[in-house]
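>>> here are the coordinates; sequence isn't available:
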């Protein structure tokens, strides 16, 4: 047989016999296909929660008017409207990004509208997510430009929407939005791939035998590997941050004392996931395929590049159980919304608990694997 | 005794990889485990190094019970397996530093050990070269040096010269002897009878997970290896003719090799040669053969050392 053909046949056979590698090779494009279809193959890209505050409660007619606005906004399917008693409460939720905009209906709004006088509402939009802010703003303006036609056909000028100062005081550009997300990239890739590769590589190369024949305990070895993975991740984050700052000059808050623990906890989660993969993967190819596929898929769920509101509801639920989502959100909150320690305590706790659980499971799996060897 | 093994057993389902093995190793000796591939040598060595658990028996190393103090035992052993366990992207010194870190060596001791490796094991010329750029022989030398960088009293070598050409093999044998001269106790496995004969103070012959004989090589050869003989190798088509010519001598035939036994083979050697010449037989090889460990193994198991298990 021609040696070239022989090599090709051998490699093809090897590929098809490594079932794990085969699975991840096929799983990757299939997952991407399903994911992209789920995200972008829909008519409505997302659903945003918005708040409404009614300061125009003088007459039953005005209460009825507000109810009609809420009903109309909900019927657009773009918005889910929540009514607030007062504006302070609504702005608090806007700051916490649980709602994306606050519409305030001023006094005399109904009167003006019914009397054919110029009517306006005020709008505060969460500008920290530029894509969402644009869609929300356009959606609300379009809604009010059409709403009056249904309410009072004799009214002949659109309801004006007056924008208020927004959450972060300045409108956030895409570079400000994307940089915190990209800085979370190493949490998925560097940490996960580093820890996966480190152990599987040692096993494949045989050098794990050398380590296991030494007095170092399995846990000690894992700590060493974790340290290396954390270091690699830290270098990646610093480089991305530095290059991002130099090349894009974004107007973000570099609160290192808050960013450092979030990044650390996010990395610990990534390292633990990598460890789990390395204990399951039978060959470096399989483990690296699994780590890369999982990393690439997860990046869409955690809101790295676009808000998770873009995802269909069921995919958003998946995003909410992935610890890295909270790391990405916390990093964005710190850098864009000037979040303080108390603002990020919740994601911090989620990251701590998940890191502990994942690492304990990883260590147990690793010990079991070592004993099996 | 520096190593004591009593009734050690390791089974993989029905397969008895190590089957009730007992032996002890004296301090400062080179102790060999001789047997074909699959005899259980590697499993036995990996058990001693703490890489595998065992099912039955007791192992004591420098007074530590392996079952209870596995990590203390590991600290006393330098394990050098068949494969090269070095990191290709690091240079030799960096590999040494990594190995030293596994045994918590301080920098002073590390410097001393690097010096030892340079002066005694001859790694100085490629100490700062990346492993991927080393020749096979250099890699094995560096591998041995890395495995004993922590200055262990016991060195375990699993088939240390397998795949070497004769010259490199001889060089490596000298290194192993040097280790012994520096006070190390060496436990080595091999399926090369010459290696066992050349290096080992005592040899345990292993077959199917058991030790079938254990003693000094010369005693094994004298007691179990048979007599000195004349070995003649001829072309296959001349075998019958040769047997006819040498009919009067006590002989056996294996393939196209004829072995003649006599009380004093040196005396009958000229006569045998003349007979072959007078019958017009061309020999490929004719030599006087001393008893070998291979002979011992054949006598004990009925197979050659190079034969694989079926």
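Thanks, I have the structure now. Everything numeric here is computed off the predicted structure, so don't read it as measured data.
>>> The residue of chain A found nearest chain B: what secondary structure?
Across chain A, no residue is closer to chain B than residue A:214, which sits at 3.8 Å (C-beta to the nearest C-beta). C-beta here means a position set from N, CA and C on the backbone, and glycine is covered the same way. For residue A:214, the secondary-structure state derived from DSSP: H, G, I helix; E, B strand; the rest coil is coil.
>>> give me the number of residues near it?
Burial of residue A:214, expressed as a neighbour count using other C-beta atoms under 10 Å in any protein chain shown, amounts to 25.
>>> contacting residues for it?
With contacts defined as C-beta atoms under 8 Å, 6 or more residues apart in numbering or on different chains, residue A:214 is in contact with B:74, B:75, B:99, B:102, B:103.
>>> same check, this time on residue B:118
Taking C-beta under 8 Å, 6+ apart, we find residue B:118 in contact with B:124, B:127.
>>> now the helices for the stretch 251-373 of chain A?
When secondary structure is read from DSSP state H, counting those that start in this stretch, the stretch 251-373 of chain A shows helices at A:256-280, A:284-301, A:313-320, A:323-337, A:345-372.
>>> Now the third one: buried residues?
For helix A:313-320, the buried set under the neighbour-count rule, 16 or more other C-beta atoms under 10 Å in any protein chain shown, comprises A:315, A:316, A:318, A:319.
>>> Which residue ranges make up the domains of the chain?
Unless you meant another one, I'm taking chain A. The record assigns chain A these domain ranges, following automatic domain parsing: A:17-40+A:174-372, A:48-163.
>>> was after chain B, sorry
For chain B, automatic domain parsing gives the domain ranges B:1-76+B:152-226+B:292-310, B:87-151, B:228-290.
>>> Ends of the shortest one, what's the gap?
In other words, domain B:228-290. Using C-alpha to C-alpha, to the nearest Å, the gap from the first to the last residue of domain B:228-290 comes to 5 Å.
>>> who's in contact with residue 206?
Unless you meant another one, I'm taking chain A. Listed by C-beta under 8 Å, 6+ apart, the contact set of residue A:206 reads B:81, B:83, B:85.
>>> oops, I was thinking of chain B
With contacts taken as C-beta under 8 Å, 6+ apart, residue B:206 has the following neighbours: B:21, B:33, B:34, B:35, B:39, B:40, B:41, B:44, B:212.
>>> The residues you listed in strands, which ones?
When the contacts of residue B:206 are checked against strands using DSSP state E, the ones located there are B:21, B:33, B:34, B:212.
>>> got those residues as a markdown table, with distance to chain A columns?
Supplementary listing: the ones in strands among the contacts of residue B:206 in a markdown table, determined by distance: C-beta to the nearest C-beta, whole Å:
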| residue | distance to chain A |
| --- | --- |
| B:21 | 20 |
| B:33 | 17 |
| B:34 | 23 |
| B:212 | 28 |
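>>> now those residues as JSON lines including pLDDT?
Below are the ones in strands among the contacts of residue B:206 laid out as JSON lines (pLDDT from 0 to 100):
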{"residue": "B:21", "pLDDT": "93"}
{"residue": "B:33", "pLDDT": "94"}
{"residue": "B:34", "pLDDT": "91"}
{"residue": "B:212", "pLDDT": "89"}
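>>> Can you tell me which of those residues are classed as buried?
Taking 16+ other C-beta under 10 Å as the criterion, what is buried in those is B:21, B:33, B:34, B:212.
>>> any idea how far the third one lies from residue B:302?
Distance of residue B:34 to residue B:302, computed by C-beta to C-beta, to the nearest Å: 16 Å.
>>> Need the three-state assignment for residue 50.
Defaulting to chain A. Judged by three-state DSSP, the three-state class of residue A:50 is strand.
>>> Chain B, not that one
Put simply, residue B:50 is coil when judged by three-state DSSP.
>>> can you pull out the strands in chain B?
According to DSSP E, the strands that chain B contains are B:3-12, B:15-25, B:30-34, B:56-61, B:64-65, B:77-80, B:154-158, B:185-190, B:202-207, B:210-215, B:229-234, B:250-254, B:257-261, B:283-289.
>>> And the ones you listed: which comes nearest residue A:234?
Relative to residue A:234, the nearest member of the strands of chain B by C-beta to C-beta is strand B:77-80, separated by 34.1 Å.
>>> Wondering if that closest one reaches chain A at all.
Yes - contact of strand B:77-80 with chain A (C-beta under 8 Å from any C-beta of the partner chain) involves B:77, B:79.
>>> Would you give the sheet partners of that strand, along with the direction of each?
The strands that strand B:77-80 pairs with in its sheet are strand B:154-158 (parallel) (by DSSP bridges).
>>> most packed of the helices of the stretch 251-373 of chain A?
For the helices of the stretch 251-373 of chain A, the largest average neighbour count (mean count of other C-beta atoms under 10 Å in any protein chain shown) is found in helix A:323-337, namely a mean of 26.
>>> Find the centremost residue of the chain, please.
If you meant another chain, say so; for now it's chain A. residue A:303 (1.8 Å; C-alpha atoms, centre = their mean).
>>> try again with chain B
Centroid-nearest residue in chain B, with C-alpha atoms, centre = their mean: residue B:190, separated by 2.7 Å.
>>> OK, contacts around it?
B:32, B:33, B:34, B:159, B:160, B:161, B:162, B:196.
>>> Tell me the spacing between residue A:97 and residue A:130.
13 Å.
>>> no, scratch that, I was asking about residue B:84
For residue B:84, the distance to residue A:130 under the criterion C-beta to C-beta works out to 55 Å.
>>> just residue B:202 next, same as before
When C-beta to C-beta is applied, the distance between residue B:202 and residue A:130 equals 80 Å.
>>> So which residues on chain B come close to chain A?
For chain B, the residues found near chain A under the criterion C-beta under 8 Å from any C-beta are B:49-51, B:53, B:71-72, B:74-75, B:77, B:79, B:81, B:83, B:85-87, B:99, B:102-103, B:147.
>>> In PyMOL, how would I select the buried members of these?
Here is the PyMOL command that selects the buried residues among the residues of chain B next to chain A (16+ other C-beta under 10 Å):
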select buried, chain B and resi 49+50+51+72+74+75+77+79+81+83+85+86+87+99+102+103+147
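>>> and stretch A:119-135, what's its mean pLDDT?
Mean pLDDT, taken over the full extent of stretch A:119-135, equals 84.
>>> Buried residues in it, which are they?
A:119-130, A:132-133, A:135.
>>> pLDDT score for the residue nearest to residue A:287 when sequence neighbours are not counted?
Closest residue to residue A:287 in three dimensions, ignoring its sequence neighbours and counting by C-beta to C-beta, 6 or more residues apart in numbering or on different chains: residue A:281, at 2.9 Å. Residue A:281 is assigned 73 on the pLDDT scale.
>>> and the gap between the residue located most distally from the centre of chain B and chain A?
Of all residues in chain B, residue B:278 sits farthest from the chain's C-alpha centroid, using C-alpha atoms, centre = their mean; the distance is 42.7 Å. Taking C-beta to the nearest C-beta, to the nearest Å as the criterion, residue B:278 is separated from chain A by 52 Å.
>>> residues in the stretch 151-300 of chain A within reach of chain B, list them.
Where proximity means C-beta under 8 Å from any C-beta, the interface of the stretch 151-300 of chain A facing chain B comprises A:205, A:206, A:207, A:209, A:210, A:211, A:212, A:213, A:214, A:215, A:216, A:217.
>>> That concludes my questions; thank you for your assistance.
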